[in-house]
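Visitor: have a look; sequence and predicted model below, questions after that.
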Amino acid sequence: NDEKPLNFIEEIIEDDLHNGKHGGRVLTRFPPEPNGYLHIGHAKSICLNFGLAERYQGKTNLRFDDTNPVTEDTAYVESIKKDIQWLGFQWAQELYTSDYFETLYNFAVDLIKKDLAYVDDSTAEEIAAAKGTPTEPGVPTPYRDRSIEENLQLFQEMREGKYRDGEKVLRAKIDLANPNMHLRDPLLYRIKHAHHHRTGDAWCIYPMYDFAHGQSDSIEQITHSICTLEFIPHRPLYDWCINKLEIFPSKQYEFARLNLSYTVMSKRKLLQLVNEKYVESWDDPRMPTISGLRRRGYTPASIRNFCDRIGVQKRENMIDVSLLEFCIREDLNHSAWRRMAVLDPIKMVITNYPNDHVEELIGENNPEVEGGEGTRVIPFSKELWIERDDFMEEPPKKFFRLGPGLSVRLKHAYIVTCNDFVKDENGKVIEIYCTYAPNSKSGEDTSGLKVKGTIHWVSVEHAKEAEVRLYDRLFNDENPAAAEDFKQSINPNSLTIIEKAYIEPDLMEATPKKGYQFIRLGYFTLDSKSTTDNLVFNRTVTLKDSWAK
Ligand code: ATP
Ligand code: MG
Ligand code: MG
């Protein structure tokens with residue numbers, strides 16, 4: 001990390017530290033609106049804000065930006081906290097913009113007293129029309145010249161609930177001809193008679209984002225307030241409010257949001273996927289949410305590593321989702337324990353193996369690390385499940401698996417040769433017959449036999465049953481959000497359920513926190529909603545990038 005060139009925000013901070021700005025202090029914040037679950041885009045912002053604090057011995061506040069009573073909920077607050085901690089970060093303070101409502105109200109009163117804000121009775125349409133266009137200046141509404149006294153009176157009455165939703169608004173008095181539309185007397189407060197998840201019915205006026213965000217930063221004495229590029233045109237207003245109120249000068253900096261291919265990221269769209277049952281829930285393993293990725297088997301380290309690799313840019317771009325998959329594959333290759341599972345079973349009978357005999361073979365948990373992280377017992381017997389596609393009735397030349405007369409090694413066990421098979425009345429192969437070489441056991445092979453293929457298997461008598469879920473991309477379109485209707489490109493085959501797979505008995509000990517490599521099949525993890533009576537495994541990612549062209 002230290003050898004990497006500084007990103008532009010790190011450069012700014014190092015400059016500030018060098019100049020003794022803010023007394024050498026770094027305080028960032030992560031400001032989610034509690035109106036949905038966090039997604040991988042938020043992870044980028046979390047890693048950036050908390051990462052900067054870590055790097056410069058600073059702190060990060062978690063501030064719930066809860067100024068919109070209609071869409072927000074306490075359940076979202078809990079999920080957001082859980083996800084941040086799971087990613088491995090701890091905030092200095094847990095704060096709520098709603099806790100500042102009284103202070104923000106007083107700030108607004110202060111602006112009115114300075115003749116820098118006024119109550120406007122115009123409708124939303126009238127205000128929009130009077131604002132002009134980017135090439136034409138706006139015109140004042142009939143309310144712009146109200147006296148300070150009248151404005152103070154009306155604003156207090158707004159707070160007291162004298163008016164209906166939309167009847168009046170509070171606007172800043174700035175400049176109706178400013179080329180930046182955000183400075184043409186922007187709204188500061190609106191009336192909304194709605195129950196708030198924290199303040200209940202105490203308020204019926206709520207501050208707009210532009211009036212709440214910068215002031216909240218300032219109240220907390222945030223030094224570097226980092227947001228996404230679409231807020232660049234808001235920055236002059238951010239600075240205007242702070243200057244006119246003469247409060248702590250927090251500064252806003254903007255970086256490019258994360259866009260990921262083959263998915264959507266806006267909470268509004270993700271909520272639609274949930275509500276319209278395209279996915280099971282916010283934590284469906286196909287969702288780009290942190291909770292979905294966790295349930296899918298992603299590790300915190302893999303997500304942090306991903307955020308680190310994509311870096312921080314000043315220009316919008318699209319990151320290929322295969323980079324995210326690469327990061328989890330790399331992590332699991334080092335950490336996952338190896339196991340055997342058969343997803344599409346066909347029975348193999350070893351005709352020369354003694355009846356009712358069981359051998360306890362030993363398999364290393366993790367050949368990628370020294371010491372192997374211990375071993376597990378793998379029972380071996382006369383009847384095994386193997387993968388249907390590891391057998392071909394008429395194999396082509398370079399088929400190094402099973403077919404009449406062909407030999408393979410059974411992983412951790414013996415070399416077997418196929419002699420015969422039987423079909424059912426529909427011509428489907430249902431059983432294959434092999435003989436084994438007793439002196440070919442893995443680790444003590446004296447047979448001198450050479451085979452090119454190794455296949456996985458599970459003993460029929462000892463196998464446990466599990467449901468296995470295989471995932472594909474949720475969208476067929478690389479940029480679904482660009483289409484008129486993003487749901488048009490939903491991939492109808494994003495989930496394949498294998499109701500009855502056979503797994504090694506040791507996998508009964510699996511927990512959702514541990515990743516497993518099912519040999520030759522991919523990386524899997526126990527679903528967090530799995531039960532001992534109904535085991536469910538999710539495929540986190542395939543062993544190789546099946547999308548690479
Ligand atoms: P969405 O559009 O997905 O609803 P949002 O910006 O409305 O996102 P917030 O809860 O306001 O969601 O976001 C909290 C923080 O996370 C903000 O600082 C925001 O800039 C940042 N953030 C949100 N989406 C992304 C993204 N795709 N990439 C980087 N940062 C993001
Ligand atoms: Mg939002
Ligand atoms: Mg936002």
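Guide: Perfect, I can see it now. Numbering: from 1, shown residues only. Ligands and ions are numbered 1, 2, ... in the order given.
Visitor: of all of this protein, which residue lies closest to ligand 1?
Guide: The nearest approach of the chain to ligand 1 comes at G41, 2.2 Å away (C-beta to the nearest ligand atom). No exception for glycine: its C-beta is placed from N, CA and C like everyone else's.
Visitor: who's in contact with V70?
Guide: K192, A194 (C-beta atoms under 8 Å, 6 or more residues apart in numbering).
Visitor: and for W203?
Guide: Counting by C-beta under 8 Å, 6+ apart, W203 touches F101, R159, H196.
Visitor: in which helix or strand would I find it?
Guide: Under the criterion DSSP states H and E, no helix or strand holds W203.
Visitor: how close does it get to Y105?
Guide: According to C-beta to C-beta, to the nearest Å, W203 and Y105 sit 9 Å apart.
Visitor: so what sits against both of the two?
Guide: By C-beta under 8 Å, 6+ apart, the residues touching both W203 and Y105 are R159.
Visitor: which of the helices or strands spans V77?
Guide: helix 74-87.
Visitor: that helix packs against which elements?
Guide: Here helix 74-87 touches helix 40-55, strand 59-64, helix 290-296, helix 300-310, going by 3 or more C-beta pairs under 8 Å, 6 or more residues apart in numbering; DSSP states H and E.
Visitor: export the ones you listed to TSV and tack on mean neighbour count and mean pLDDT?
Guide: Listed next are the helices and strands packed on helix 74-87 as TSV, based on neighbours: other C-beta atoms under 10 Å; pLDDT from 0 to 100:
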stretch	mean neighbour count	mean pLDDT
helix 40-55	22	98
strand 59-64	23	98
helix 290-296	24	98
helix 300-310	19	97
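Visitor: quick check: which of the ones you listed is nearest to F421?
Guide: Closest to F421 of the helices and strands packed on helix 74-87, according to C-beta to C-beta: helix 290-296, at 37.2 Å.
Visitor: hey, C-alpha coordinates of that closest one in CSV?
Guide: The C-alpha trace of helix 290-296 is given here as CSV (Å, rounded to 0.1, in the frame of the first residue of the first chain):
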residue,chain,number,x,y,z
ILE,A,290,-22.8,-6.2,0.8
SER,A,291,-25.3,-8.6,2.5
GLY,A,292,-25.8,-10.5,-0.8
LEU,A,293,-22.1,-10.8,-1.5
ARG,A,294,-21.6,-12.0,2.1
ARG,A,295,-24.3,-14.7,1.6
ARG,A,296,-22.7,-15.6,-1.7
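Visitor: surely T435 is in contact with T351?
Guide: Yes: counting by C-beta atoms under 8 Å, T351 is a contact partner of T435 at 5.8 Å.
Visitor: tell me how many other residues crowd F399.
Guide: 15 (other C-beta atoms under 10 Å).
Visitor: need the pLDDT of it.
Guide: Among the per-residue scores, F399 holds a pLDDT of 94.
Visitor: do W547 as well
Guide: Here the pLDDT value assigned to W547 is 59.
Visitor: which of the contacts of W203 has the largest number of neighbours?
Guide: F101 (22 neighbours).
Visitor: I'd say that residue and T199 touch.
Guide: Yes: F101 lies in contact with T199 (C-beta under 8 Å); the separation is 6.4 Å.
Visitor: for beta bridges, what are the partners of R338?
Guide: Q517 (DSSP bridges).
Visitor: which residues touch it?
Guide: By C-beta under 8 Å, 6+ apart, R338 lies in contact with G363, E364, N365, N366, P367, Y516, Q517, I519.
Visitor: contacting residues around the second one?
Guide: Listed by C-beta under 8 Å, 6+ apart, the contact partners of E364 are R338, G372, E373, G374, T375.
Visitor: surely T454 touches Y414?
Guide: No: assessed by C-beta under 8 Å, T454 is found out of contact with Y414, at 11.2 Å.
Visitor: I figured the residue of the chain closest to ligand 1 hits A256, correct?
Guide: No: the criterion here is C-beta under 8 Å, and G41 misses it with A256 at 10.6 Å.
Visitor: which bits of the protein sit near ligand 1?
Guide: Proximity of the chain to ligand 1, by C-beta under 6 Å from any ligand atom, involves residues 31-33, 41-42, 44-45, 65, 227-228, 257-258, 265-267.
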